[in-house]
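1. Please work out how this folds:
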Amino acid sequence: MDYIDLHKQYKANSLFGRYITLKDIEPLLTELPTMTIGHSVLGKPIYKYSIGNGKTRIFMWSQMHGNESTTTKALFDFLNLIHSENPIGVKLLEEFTFCFLPMVNPDGAELYTRENANKVDLNRDSLDLSQPESRLLRQTFDEFQPHFCYNLHDQRTIFGAGDRGNVATVSFLAPSYNEERAINEVRSKAMNVIVAMNNELQKHIPNQVGRFDDGFNLNCIGDRFTSLNVPTILFEAGHYADDYYREYTRKMIFIALVSGLRHIYENDVVHNKNDNYLQIPQNKIVFYDFIYKNVKINYDGNEIITNFAAQYKEELIDGKIQFNAYIVEIGDLNGKYAHYQYNAHKMSYSDEFESIPKINQKADFCLGINMKIVNGLKK
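-> Next comes the predicted model:
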């Protein structure tokens, strides 16, 4: 199976970048027999789409965090596949009945925030159900009674797959159902599917698949649905080298979706892959966007050699996402890695104001007389 070519054929090319809002997906949704199941805090419609004739019911939802759009793009790529005459798409509709909520948090998507318009994290609202979006998600779950849930998210560039310098391009989690993080039949089913997806992804992003922390929190929707005896899989779309728009990661999520679903219908889901799941390296916070090493600074009249790091903030300005780099840590940075790293070779730091970097300062500075750094990058 050439998954790369498959994605190329069915990629929803109108969706690009990080800022994906309801306005971007509505033209695609109008081509489908969707239904509006309710509205967000600010009155935006929340759409549901169901398709398929199979006995196994799959519930997928995306962008319950408004600034996590990569899986939304991959979801529409997947929809293109199952609406095609490709034998894989035809087979998926024979084996499964799907229910999709493509954008749970349209207000947060427009504002480019994790929370909804009431500043509530919908993924911490599964018990209180205090928000209209949370109630609609739970209502859909209760009505559809899925056999599997797919909880689709993004994760920040800070995560590595383990602590050896491999970025976590995709991470998964079979959520816990109790404080003990016990493994029962429900979690085991989710683990088996994750193992199958990981096996395929290792062919494309070797050593770049992580396992998200399984600390129990019943307010998290995945933990809640697992506690209700439905295998739930958390997807976290992360960083790939030079892919801040996450177009390559989107491809990996598509591959994971298709390969995991093929595993479900091609295999009896047996409970013997738990050890394989636990061998997937756990996510570790070990990355910065930028590290500058061996920099000479003047500290209290003394010249010292140090390192410092900068991190992008994704800021919505005039309707566009801008990646603005700020200094976030100064010191030895042992055990830390960077997506971009520069060695100053003991050149002196200087900026418009000081001869020493400061936390939360914009990453615009000079190293020596020849290296100019603008917004984190060498110019």
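2. Give the buried residues for the longest helix along the chain.
-> Using DSSP state H to define each element, the chain has its longest helix at helix 247-266. For helix 247-266, the neighbour count (16 or more other Cβ atoms under 10 Å) marks 248-264 as buried. For glycine as for every other residue, the C-beta is placed from the backbone atoms N, C-alpha and C.
3. For the lengthiest strand in the chain, list every residue counted as buried.
-> As assigned by DSSP state E, the longest strand anywhere in the chain is strand 302-317. Across strand 302-317, burial judged by 16+ other Cβ under 10 Å covers Thr306, Asn307, Phe308, Ala309, Ala310, Gln311, Tyr312.
4. Pipe these into CSV and attach pLDDT and distance to Thr72 per row.
-> Output for the buried residues of strand 302-317, formatted as CSV (pLDDT from 0 to 100; distance: Cβ to Cβ, whole Å):
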residue, pLDDT, distance to Thr72
Thr306, 97, 41
Asn307, 98, 37
Phe308, 98, 35
Ala309, 98, 30
Ala310, 98, 28
Gln311, 98, 24
Tyr312, 98, 21
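5. Let me know the outermost residue of this structure.
-> Using Cα atoms, centre = their mean, the residue of the chain lying farthest from its centre is Gly301. It sits 44.8 Å away.
6. State the mean pLDDT of stretch 62-79.
-> Across stretch 62-79, the average pLDDT comes to 98.
7. How about exporting that stretch as CSV, limited to the C-alpha atoms?
-> Extracted C-alpha coordinates of stretch 62-79, given in CSV (Å, rounded to 0.1, in the frame of the first residue of the first chain):
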residue,chain,number,x,y,z
SER,A,62,-11.5,17.4,15.7
GLN,A,63,-10.6,20.9,16.9
MET,A,64,-12.2,20.9,20.3
HIS,A,65,-9.1,23.1,20.9
GLY,A,66,-9.5,25.9,18.4
ASN,A,67,-5.8,26.3,17.7
GLU,A,68,-5.3,22.6,16.9
SER,A,69,-6.1,22.3,13.2
THR,A,70,-3.8,19.7,11.7
THR,A,71,-6.1,16.8,12.3
THR,A,72,-9.0,18.8,10.8
LYS,A,73,-7.1,19.0,7.6
ALA,A,74,-6.3,15.3,7.7
LEU,A,75,-9.9,14.5,8.5
PHE,A,76,-11.1,16.2,5.3
ASP,A,77,-8.4,14.4,3.4
PHE,A,78,-9.9,11.2,4.8
LEU,A,79,-13.4,12.3,3.8
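8. Please point out which parts of it sit buried.
-> For stretch 62-79, a neighbour-count test (16+ other Cβ under 10 Å) marks 62-79 as buried.
9. What helices and strands are in contact with the longest strand of the chain?
-> strand 287-299, strand 320-331 (3 or more Cβ pairs under 8 Å, 6 or more residues apart in numbering; DSSP states H and E).
10. Who are the packing partners of the last one?
-> The reference is to strand 320-331. strand 287-299, strand 302-317.
11. same for the shortest one, what does it pack against?
-> Strand 287-299 is packed against strand 302-317, strand 320-331, strand 337-343, strand 349-350, with contacts defined by 3+ Cβ pairs under 8 Å, 6+ apart.
12. Run through the neighbouring helices and strands of the third one.
-> Applying 3+ Cβ pairs under 8 Å, 6+ apart, we find strand 337-343 packed against strand 287-299.
13. quick one, the strand it packs on and strand 302-317 angle?
-> 140 degrees (axes from the mean of the first three to the mean of the last three Cα atoms, to 10 degrees).
14. coming back round to it: between the helices and strands packed on strand 287-299, which one is nearest to Asp213?
-> strand 337-343 (19.1 Å; Cβ to Cβ).
15. Next, the buried residues of the closest one.
-> Tyr337, Ala338, His339, Tyr340, Tyr342.
16. Verify the contact between the last one and Lys293 for me.
-> Yes. Using Cβ atoms under 8 Å as the test, Tyr342 is close enough to Lys293 to be in contact (7.0 Å).
17. what's the overlap in contacts for those two?
-> Residues touching both Tyr342 and Lys293 by Cβ atoms under 8 Å, 6 or more residues apart in numbering: none at all.
18. Identify the residues contacting the closest residue to Ser348 other than its chain neighbours.
-> What sits nearest to Ser348 in space, not counting adjacent residues and going by Cβ to Cβ, 6 or more residues apart in numbering, is Lys296, at 4.5 Å. By Cβ under 8 Å, 6+ apart, the contact set of Lys296 is Glu303, Ile304, Ile305, Ala344, Lys346, Met347, Ser348, Tyr349.
19. Next one: Lys296 from Pro357, what distance?
-> 12 Å (Cβ to Cβ, to the nearest Å).
20. residues bridging contact with those two, i.e. touching both?
-> Counting by Cβ under 8 Å, 6+ apart, the residues touching both Lys296 and Pro357 are Tyr349.
21. Show me the shaky parts of this structure.
-> Residue ranges of the chain with pLDDT under 70: 268-271.
22. Need phi/psi at the residue nearest the centre of it.
-> Nearest residue to the geometric centre of the chain (Cα atoms, centre = their mean): Asp154, 1.6 Å. Main-chain torsions, Asp154, degrees, to the nearest 10: phi -110, psi 160.
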